[in-house]
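Structure for this input, please:
(2 chains)
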Amino acid sequence: MQFFHNHILSIILFTPLLGLVVLLFIPGEKKDAVRWWGNIAMFAGFLVSLPLVFWFNSEAPDQQFKFIERTDWIPSIGAQYFLGIDGISFLLIMLTTVLGFLSVLSSWTAIQERMKEYYAMFLLLQAGMLGVFMSLDFFLFYVFWEVMLVPMYFIIGVWGGPRKLYAAIKFFLYTLAGSVLMLLGILTLYFRYHTDTGIYTFNVLTLMQHGWPANLQFWVFWAFMVGFAIKVPMFPFHTWLPDAHVEAPTAGSVILAGVLLKMGTYGFVRFSLPLLPQASASPAIVKVMVTLSIIAIIYGALVSMMQRDMKKLIAYSSVSHLGFCTLGIFALNPHGLSGSVLQQINHGISTGALFLIVGLIYERRHTREIKELSGLSNVMPVYATLFMIVMLSSIGLPLLNGFIGEFTILQGAFEVTWHWAAWAVVGIVLGAAYMLWLYQRTMFGTCDNPKNQILKDLNLREIVTLVPLVIWAFWIGLYPKPFFHVLEKPVAAIVQRVNPSFYAAAPAVSAAIPAGTPIPAAPAEPSSGPTNPAPGVAH
Amino acid sequence: MGTTFFQRADYVAITPEVVLALFGLGILLIDFLIEEKRDKYLNAVTALIGLAMAFVQLLRFWRGTLLPMPYSGFGGTLVLDSFAIYFQSLIVVATAVVVLISAKYLEIEEAHFGEYYALLLFSAVGMMFMASGRDLIVLFIALELMALCEYVLTGFLRGDRRSNEAAMKFFLLGAFSSGLLLYGMSLLYGLSGSTNLAVIAERLADRPAGDPLSWMAMTTLLAGLFFKVAAVPFHQWTPDAYEGAPTSITAFISVAPKAASFAILLRILMAGLWPMREDWKLLTIGVAVATMTLGNLAAITQTNIKRFFGYSTISHVGYLLLGLIAAADGNPEGLTAIAIYLLVYTFMNLGAFAVIIMMRRQNLIGDEIDDLSGLMTRAPGLAILMLIFLLSLAGIPPTAGFIGKYFIFLSLIQTQHYVLAVVAVLYAVVALYYYFRIVVAMFMKNPLDSVPLATSTGLSVALGVTLTLTLVVGVYPQPFILFAREAVRPFFSF
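Below is the predicted model of the structure:
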């Protein structure tokens, strides 16, 4: 048990890989065995991550990063096997393990060809994504960041739709182009740190303690920005996303939207902001980032409205929702940041569920054209009900998760200037419009197409893939406090670093921590201090 | 130089080369005694024994138990330092892998003659002297020994017109480049009065800055050397020679002579022409960018897999030259990058060729990219191996190729060549695109034929060795980084 506790992150990380190794020994012809094992391995991956939920708050409360594991890996270049999580990565890891299992479960009947490879790719992908959220060593981080492109490429390219090859390679090339520029940014920091201190290290926490010259921060910020913005994707870099989403198989879209996109926003929160605080807070950069975010919010929503294909509609809605996340990040205050992280989780839940829902209808009707579907609520009541909850959560109805996230982000944006909030609200209104319109066109009306009249409602397995997400959506919507509680400290640490003037208003803290100091190992206040009143209280 | 010219230890220092030469001669003799065609593989076994003995000897040199390191022999014309041993070991291992992948292929081509292995060994001898020579004469003779063996091996399929044509092109252009090289060497000799690189460096340092004569010597010398490493604009022979040569020889000339030519390039530039580093750096920048550009862009449209790998090699040479640029700024990491890049490149490229060579079956040439179609359904294991080699060639972690590229990028950042670094990383994206054309064929297309693949024990061993190294260097590069750093130490002791 002690071993399990001390190495929990490695165990979470390697469970999918272990599952992959076992899977390789199962002959591909035994389809049932392969399918069962793929699901079992993914479920085991979720189970081993579950103890984190119970241990997280009590574990090392005064440390910023918990469950740290650290071993030398390549001493000659200073790379380490260095894992550790804070509240932000904790939530994203849980999202990954939950969505990973649900998406694989949703492929039970949808995938009939080359099943063994399919499950192998998902297990590999899972390990790569978890590694990204756990790594505190840049070299290790980069390895996971790249590794995960390969299985995603195959998932789109082998099991995707008609234009799968184009979409797969476009996804790979776009993301790779961003990643390699990010690599140059990492190497610049790595080298500069050596010039200043004589030590070669990729340790993110050590690099964060260093005072970087403003000019260097500026350039490295853009290098990182390209890498992360392509992944998010932010406005001018988003063109790979509709292709990849539309062509990917359902489970691929779920993971792509639910987890992969979060790596970009996570990158901003974890690396750009605390490592390059002056650049991130400089008015020019904030202006660019916020403008791009607002363009993404409105443009994504407008384009969604015009789509005839359900999946493409949801894909563009992701651009809009992720625009909220980046807006929250560059509000650079606790509300904006914690709202942004929570909204990332929300987006994973809602959009993940929406893609599952589209996948369910696609499996039955082999079309996603909105005009082909109408009045489905008559023949598939359970489906329509679940769709409605998920749709409402996506447009941000109170009592559901989306509201909490969007509200907190808007609050954060408003605290900076009301203009930002005003623009972003336009996106919410448009969001409600296209989602409600989609729902109205597909679910309501008369079901006069004979092909639709014979559709079967959801079976138990299909309900099981959706219900956990619905429960989670209600949980965040009704009682978000635990989530904000987990986010409070890491967010405070980041704001402390990137926007010290924010706390200057609160005298108790500014006295304890002089402005501009590197991140303290532990923020001065214990978890529920006055620094950062839990935003959830607002509702 | 030197009053006592030949010492006992001098002969010890060249034992690996002597062993290989003797085994090469031995194969020519044994070949007469082998009458049955199916016993021709004994030649391959003999060659492997010779290579293994040479390798063991090199290991003993590396540990420094036989000779004090670095050892300078034959009146200073030869130096056995960590740099030489590193490259010699690489050449020996690469040659051994080529021997392993050759036997079956030659049998199918009905060209399983003993002289093939003998020529391989002789060319390895030439390459090893290229790594250890420190005198223009020694270096030139070594280079010609390697090149002549290569020309013959390229035209080894006597009945095949493509093979003959390739050999002829390769020979004509190679002879031309040797002429250029010799011209540069003679100018250097005229300038310095010596063929010894150390003396040349001293004399060059005394020449006035911007001296046209030394500049002339440097450019002609560089042109000859760039020809050997297949850098643009001296690359034209590469795709033709690669396409026409027997596939096993394509594999061979894409790795071992590259390593040896880089060894000689580094030795001449870092030891002999070091005083002129600003000049050759400038030239190298232009050549490197042109090489990456042409190699990467031309590879996109190839349909023949051997030509494809010809252009892919050119693009890798572009990356290797970037390391040289960093080294010119006095950055040791630039040379480490070249050393480690050559190591990983050797194994990933040989691995890829080992897969390609299996496509050559009776009545099926198997050198089009389409011949790999549907490999995943026919031979999943092989397809996954090829995928790993291709990922490594594209530089995706955690494969060895990433470690090579990592050091190249790092050395560029360290010497503040930011623009070059950005160009280099973006071409890595282009590279991924064309390498993945093969992946698409293997994983997403249906097989075109059902002729069983040409497998053999030798090929399996070769695949095992190359795969292991590609993965181990990628996941745990620590020891290899230390080897590479040790290898380039001789150049940064001054």
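
Going along the chain, name the helices of the stretch 101-250 of chain A.
Chain-ordered helices for the stretch 101-250 of chain A, with DSSP state H, counting those that start in this stretch as the definition, fall at A:115-134, A:138-147, A:149-159, A:164-197, A:204-209, A:214-231, A:240-247, A:250-255.

for those helices, which one ends up most surrounded?
Stretch with highest mean neighbour count among these: helix A:250-255 (a mean of 28; mean count of other CB atoms under 10 Å in any protein chain shown). For every residue, glycine as well, the C-beta is placed using N, CA and C.

ok, and does the next helix-or-strand element following that helix reach over to chain B?
Using DSSP states H and E, the helix or strand that follows helix A:250-255 in sequence is helix A:261-267. No: counting by CB under 8 Å from any CB of the partner chain, chain B is not contacted by helix A:261-267; separation bottoms out at 15.5 Å.

packing partners for the very next helix or strand once past helix A:261-267?
As assigned by DSSP H and E, the chain's next helix or strand after helix A:261-267 is helix A:273-275. Judged by 3 or more CB pairs under 8 Å, 6 or more residues apart in numbering or on different chains; DSSP states H and E, helix A:273-275 is in contact with helix A:204-209, helix A:481-498.

So for chain B, which of these sits nearest?
helix A:204-209 (14.9 Å; CB to the nearest CB).

Now do that closest one: everything it contacts.
A:65, A:82, A:135-138, A:141, A:189-190, A:193, A:201, A:270-271, A:274-275, A:497, A:518-519 (CB atoms under 8 Å, 6 or more residues apart in numbering or on different chains).

And stretch B:148-168, by the same measure?
B:109, B:111, B:116, B:119-120, B:122-123, B:126, B:170-171, B:174, B:240-246, B:249, B:252-253, B:257.

Next step: those restricted to helices.
B:109, B:116, B:119-120, B:122-123, B:126, B:170-171, B:174, B:240-244, B:249, B:252-253, B:257 (DSSP state H).

Please, a PyMOL command that selects the buried ones among those?
In PyMOL, this line selects whichever of the ones in helices among the contacts of stretch B:148-168 come out buried by 16 or more other CB atoms under 10 Å in any protein chain shown:
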select buried, chain B and resi 109+116+119+120+122+123+126+170+171+174+240+241+242+243+244+249+252+253+257
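
burial count for B:Tyr41?
18 (other CB atoms under 10 Å in any protein chain shown).

and what of the one 10 residues further on?
Neighbourhood size, B:Leu51 [other CB under 10 Å]: 26.

Could you verify my assumption that it touches B:Ala96?
Yes: counting by CB atoms under 8 Å, B:Ala96 is a contact partner of B:Leu51 at 4.4 Å.

now the residue of chain A found nearest chain B, nearest residue through space, not along the chain?
Closest contact between chain A and chain B, by CB to the nearest CB, is at A:Val180 (3.7 Å). Closest residue to A:Val180 apart from its sequence neighbours, by CB to CB, 6 or more residues apart in numbering or on different chains: B:Val425 at 3.7 Å.

Tell me how many other residues surround A:Pro381.
13.

Could I get the pLDDT score of it?
For A:Pro381, the model assigns a pLDDT of 90.

residue contacts, it?
Counted by CB under 8 Å, 6+ apart, A:Pro381 has contacts A:Asp457.

Kindly provide the distance from the residue lying closest to B:Trp274 once chain neighbours are set aside to chain A.
Among residues not flanking B:Trp274 along the chain, B:Ala201 sits closest, at 5.5 Å (CB to CB, 6+ apart). Distance of B:Ala201 to chain A, computed by CB to the nearest CB, to the nearest Å: 29 Å.

Now do the same contact list for A:Leu165.
A:Gly157, B:Val440, B:Met444.

run the last query once more with 6 Å
A:Gly157 (CB atoms under 6 Å, 6 or more residues apart in numbering or on different chains).

what about B:Leu66, which SS state?
What DSSP: H, G, I helix; E, B strand; the rest coil gives for B:Leu66 is coil.

doesn't B:Arg60 make contact with it?
Yes: B:Leu66 lies in contact with B:Arg60 (CB atoms under 6 Å); the separation is 5.0 Å.

Let me know the distance separating the most centrally placed residue in chain A from A:Lys164.
When CA atoms, centre = their mean is applied to chain A, the residue found nearest the centroid is A:Lys262 (2.5 Å). According to CB to CB, to the nearest Å, A:Lys262 stands 23 Å off from A:Lys164.
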